[in-house]
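*Asks:* Sequence first, predicted coordinates after that:
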Amino acid sequence: MEVKIVRENEEVVVSFIGRLDTPASQEIAPQVNELVADAGNTIILDCTELSYISSSGLRIFLTLRKAAAEKGGKVIVRNISNEIRSVFMMTGFLNLFEIQ
Amino acid sequence: MTKQAGRNIKALWLVIIAALTLEGTALVQLHFSQKGIRNEASMRAKVQLTATQNRIMDIVNQTEAAVRNNIWIAQWCMEYPDSMVRVCQRLVADNPVVAGSTVAMVPGYLRHRPLFAPYVFRDASDSLRILSLATPEYDYPNQEWFTEPIKLGDGYWSEPYVDEGGGEMLMTTFSVPIMDAKGKTAAVITADISLEWLTELLGRTRIFPHSYCTMVSRSGEVMLNTAGPETVSMDDDYVFEAVVERTGWKMSITIPKADIFGSLRSIGALVAILQLLGLLMIIYMLRSFIKGQNKFMELDQKQERMEGELHVARGIQMSMVPKVFPAFPERFDLDMAADIVPAKEVGGDLYDFFIRDEKLFFCIGDVSGKGVPASLVMAVTRTSFRNLSAREDSPGRIVTAMNDSLSAMNESSMFVTLFLGVLNLTDGRLRYCNAGHNPPRALTDSIHPLPVEANLPLGIMGGFEFKEQSVDLQYDDALFLYTDGLTEAENAAHEQFGEERMDEVLCVRKSAEGHLENIKQKVSEFVGDAPQSDDLTILFIHYLPATHRLVLHNKIEEIALLPDFIGKTVAASKLNPDCEDSLNLAIEEAVSNVIMYAYPEGTDGIVNLDAAVSEKGVTFTITDTGKAFDPTAKAEVDISAGVDERPIGGLGIHLVRKIMDSVRYERIAGKNILYLTKNY
């Protein structure tokens, strides 16, 4: 699992590469938690190369979404696969995030 | 022994109290009887006295009347003394009671006859004779019968006396003075009466064998005594007295005490003898009762000992069958439980099982009858099952051989119903043979009796060919074997538990042990306080073949091993390969939960993940030995909630529920077992 964070102007683009399973989520959690500071701006979660997500990964997404809601920012999920879309559907995440 | 001594003392007290009661009753009875008899005796005596008195008074009255009736004649012919003889003659002749009579002139009343007293009396030949009493020797003016009436001026009864002249008879004389016209005493008229009839009268009045009468004159002289010469008067004799009017005679009846109470005494003796007999009988009865009780106690002890021995026999019997569950803790493909709920009496139920060459050999049976013989046959049956199954795989041949050996030695014509199965654990093929036993329940998609050939019970006929059958068990299929002690368990109203109730209980999916406990509880609730008459035996076999197993340690990195394992499982099944990711997600959620929370931090723990592919679908079983945790008990998360209301956690189990078709949790023998099934 690899996470790339790129800051451009008012936007932060976070790219997830590989499987975001439970151990991976634990691994990247500190990195992503730093992004809470950027929650006032727009955070784009790029899932183009994300092949798998577990509930712990979803929790990371939700944490950011809650911070944004608090700080008036925005979280956009970009390019999710059908598999991840179905997970989003099952968990009601489709209603919580702006999906691009 | 002390118990017995206590009983003896008790018995002694009983005898003493019985004796006292009897004696008391007798005394009370005696007292009242005595009183009654005394009253009765006194009454009889009084009646007798009154009757005798009346008879005497009759005579006295007759005599007095006879004399008084002649006074006026005597007065009338006072001037002619010679006619006095006539008066006397008339008096004697007219009154048979009168033996003699005189009219004796007061000396000097007649001028020319200073003494004049003609006496008329009846002689021995009943003719009247005349005698003159006016002799110097007799000196009648000084006789009592002459002086007393004159003194009294009225009739006088003389003291009784013995008449020396006329036959030594006891006599008495009634004399009345005669006044002349001037009121001067002129003469005395008398009537003698014999008292012989008194002797006769009183002699007749013998009211008790030894009672006697006495008659005493005014002066206390004994006139009469009917007592025999042998009679001895005692101080405690009862004496009843009466006085005859006018004569002043005192009459008495004496009754010896012995006479009055003689009959009572003999009755008393009889009662005493009867009482003694009764007492002896009580003692005898008590003795035999105590003896009987002692015997009974001995019998009781004997029976207790025998029961104790039977319990030992039962213990030995029970030690023969596998009782520790899980029976094969190292195996995950079998979940078994079995139990015999024994009736009070040692019965002949049995079950047994063992694994040889990846085959489960099992049987359940019921020996006809109860007690030690049944238990022995049960032991023999079980041994023969073990011995024959050690070499033979075919249930039909095993049962045929068991039947032959049991029939050969069966002299007590006991028989055994038996179901014997051999389950191949590698492919789920169950071969079985039924010898007259109730068909087991198969728990597959439905609950139904396993189709069985009836065959024959064991031990009835040697040489019988037992037919064998077979069926393929799938993952999660189960067999429920039982003896009729279950379906025929009766409640107080004599209703039987029955197959319907049994099937109802089996409907609920549970682990083998769960089923066992559940059905035992349901039966016990149904039966209530009614005594259990037959052994109740249950054998439950749950087939859970492990097609794949992944053993994981409680480290989160181990999650990385899941995709490969799940990929292989999906490939082996008829599941769509597209669902591999979602299946992985569900399993990961469940497993990571266990890895992170089941064991205390810093300790090593194992999580077993079994995947079983069947014709219906795929079942994953996650087993751990950590702390009890039921993920299915967690509340459903609300996925329609907004961002602010959404909780961070709870998504994992939600996903598991969403992805899998069935999620079932059980806690068995310190294990958390989570069954996750995905159907095709």
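*Replies:* Okay, I see it.

*Asks:* what about the residue in the stretch 501-650 of chain B positioned nearest to chain A, helix or strand, and which?
*Replies:* Closest to chain A within the stretch 501-650 of chain B is B:I639: 3.0 Å, counting by Cβ to the nearest Cβ. Backbone N, C-alpha and C define where each C-beta goes, glycine included. Using DSSP states H and E, B:I639 sits in no helix or strand.

*Asks:* what do you get for B:E137?
*Replies:* Short version, using DSSP H and E: B:E137 is in no helix or strand.

*Asks:* near chain A, which residues of chain B?
*Replies:* Proximity of chain B to chain A, by Cβ under 8 Å from any Cβ of the partner chain, involves residues B:556-557, B:559-560, B:563, B:581-582, B:584-585, B:588-589, B:592, B:639-644, B:646, B:648-649, B:651-652, B:654-655, B:658-659.

*Asks:* now the helices: where do they sit in the stretch 401-550 of chain B?
*Replies:* Taking DSSP state H, counting those that start in this stretch, the helices of the stretch 401-550 of chain B run over residues B:484-487, B:498-507, B:512-527.

*Asks:* May I see these organised as a markdown table, with mean pLDDT and mean neighbour count added?
*Replies:* Below are these laid out as a markdown table (pLDDT from 0 to 100; neighbours: other Cβ atoms under 10 Å in any protein chain shown):
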| stretch | mean pLDDT | mean neighbour count |
| --- | --- | --- |
| helix B:484-487 | 91 | 20 |
| helix B:498-507 | 90 | 15 |
| helix B:512-527 | 89 | 17 |
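
*Asks:* Those helices: which one's closest to B:I267?
*Replies:* With Cβ to Cβ as the measure, helix B:512-527 is the member of these nearest B:I267 (65.8 Å).

*Asks:* Only alpha carbons, please: show that closest one as CSV.
*Replies:* The C-alpha coordinates for helix B:512-527 follow below in CSV (Å, rounded to 0.1, in the frame of the first residue of the first chain):
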residue,chain,number,x,y,z
ALA,B,512,-24.0,-30.8,19.1
GLU,B,513,-23.6,-30.0,22.7
GLY,B,514,-26.2,-27.2,22.4
HIS,B,515,-28.7,-29.7,20.9
LEU,B,516,-28.0,-32.2,23.6
GLU,B,517,-28.5,-29.8,26.5
ASN,B,518,-31.5,-28.3,24.8
ILE,B,519,-33.3,-31.6,24.2
LYS,B,520,-32.5,-32.8,27.7
GLN,B,521,-33.9,-29.6,29.2
LYS,B,522,-37.0,-29.8,27.0
VAL,B,523,-37.6,-33.4,28.0
SER,B,524,-37.1,-32.7,31.7
GLU,B,525,-39.5,-29.7,31.5
PHE,B,526,-42.0,-32.0,29.8
VAL,B,527,-41.7,-34.9,32.2
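
*Asks:* Could you chop chain B up by domain?
*Replies:* Per automatic domain parsing, the domain ranges recorded for chain B read B:329-543, B:548-679.

*Asks:* could I get these as CSV with distance to B:K257?
*Replies:* As requested, the domains of chain B are exported to CSV (distance: least, Cβ to Cβ, whole Å):
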stretch, distance to B:K257
domain B:329-543, 72
domain B:548-679, 99
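
*Asks:* closest to A:F97 out of those domains?
*Replies:* Minimum separation from A:F97 across those (Cβ to Cβ) falls at domain B:548-679, 9.3 Å.

*Asks:* looking only at pLDDT, what's the mean for the closest one?
*Replies:* Averaged across domain B:548-679, the pLDDT comes to 88.

*Asks:* Do me a favour and get the end-to-end distance for it?
*Replies:* One end of domain B:548-679 sits 17 Å from the other (Cα to Cα, to the nearest Å).

*Asks:* where exactly do the helices run in the chain?
*Replies:* As the question left the chain open, I've gone with chain A. Assigned by DSSP state H, the helices in chain A fall at A:22-33, A:55-71, A:82-91.

*Asks:* Please refer instead to chain B.
*Replies:* Counting by DSSP H, chain B has helices at residues B:2-76, B:84-94, B:144-152, B:196-204, B:257-320, B:371-389, B:395-408, B:484-487, B:498-507, B:512-527, B:562-572, B:580-597, B:651-659.

*Asks:* Now tabulate those helices in JSON lines and tack on distance to A:G57.
*Replies:* Shown next, in JSON lines, are these (distance: least, Cβ to Cβ, whole Å):
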{"stretch": "helix B:2-76", "distance to A:G57": "82"}
{"stretch": "helix B:84-94", "distance to A:G57": "167"}
{"stretch": "helix B:144-152", "distance to A:G57": "163"}
{"stretch": "helix B:196-204", "distance to A:G57": "145"}
{"stretch": "helix B:257-320", "distance to A:G57": "56"}
{"stretch": "helix B:371-389", "distance to A:G57": "54"}
{"stretch": "helix B:395-408", "distance to A:G57": "54"}
{"stretch": "helix B:484-487", "distance to A:G57": "52"}
{"stretch": "helix B:498-507", "distance to A:G57": "40"}
{"stretch": "helix B:512-527", "distance to A:G57": "37"}
{"stretch": "helix B:562-572", "distance to A:G57": "15"}
{"stretch": "helix B:580-597", "distance to A:G57": "10"}
{"stretch": "helix B:651-659", "distance to A:G57": "10"}
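
*Asks:* Identify, out of the helices of chain A, the most deeply packed stretch.
*Replies:* Most buried of the helices of chain A, by mean neighbour count (mean count of other Cβ atoms under 10 Å in any protein chain shown): helix A:55-71, with a mean of 21.

*Asks:* quick check: angle from that helix to helix A:22-33?
*Replies:* Here the directions of helix A:55-71 and helix A:22-33 differ by 20 degrees (axes from the mean of the first three to the mean of the last three Cα atoms, to 10 degrees).

*Asks:* as a whole number, average confidence for helix A:55-71?
*Replies:* Mean pLDDT, helix A:55-71: 91.

*Asks:* how about that helix as PDB, C-alpha atoms only?
*Replies:* Once non-C-alpha atoms are left out, helix A:55-71 reads as follows in PDB (Å, rounded to 0.1, in the frame of the first residue of the first chain):
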ATOM      1  CA  SER A  55     -13.900  -1.100   7.000                       C
ATOM      2  CA  SER A  56     -10.700   0.300   8.600                       C
ATOM      3  CA  GLY A  57     -10.000   2.100   5.300                       C
ATOM      4  CA  LEU A  58     -13.500   3.400   5.200                       C
ATOM      5  CA  ARG A  59     -13.000   4.700   8.700                       C
ATOM      6  CA  ILE A  60     -10.100   6.800   7.500                       C
ATOM      7  CA  PHE A  61     -12.300   8.200   4.800                       C
ATOM      8  CA  LEU A  62     -15.000   8.900   7.300                       C
ATOM      9  CA  THR A  63     -12.600  10.600   9.700                       C
ATOM     10  CA  LEU A  64     -11.600  13.100   7.000                       C
ATOM     11  CA  ARG A  65     -15.200  13.600   5.900                       C
ATOM     12  CA  LYS A  66     -16.200  14.500   9.500                       C
ATOM     13  CA  ALA A  67     -13.300  16.900   9.900                       C
ATOM     14  CA  ALA A  68     -14.200  18.600   6.600                       C
ATOM     15  CA  ALA A  69     -17.800  18.900   7.700                       C
ATOM     16  CA  GLU A  70     -16.600  20.600  10.800                       C
ATOM     17  CA  LYS A  71     -14.200  23.000   9.100                       C
END
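
*Asks:* Contacts made by that helix with the rest, please.
*Replies:* Contact with helix A:55-71 is made by A:20-22, A:24-26, A:28-29, A:32-33, A:35-36, A:39-40, A:43, A:45, A:73-75, A:77, A:87, A:91, A:93, A:96-97, B:589, B:592, B:643-644, B:646, B:648-649, B:651-652, B:654-655, as judged by Cβ atoms under 8 Å, 6 or more residues apart in numbering or on different chains.

*Asks:* tell me which parts of chain A are close to chain B?
*Replies:* Counting by Cβ under 8 Å from any Cβ, chain A comes close to chain B at A:19, A:21-23, A:26, A:52, A:54-56, A:58-59, A:62-63, A:65-66, A:69, A:83, A:86-87, A:90-92, A:95-96.
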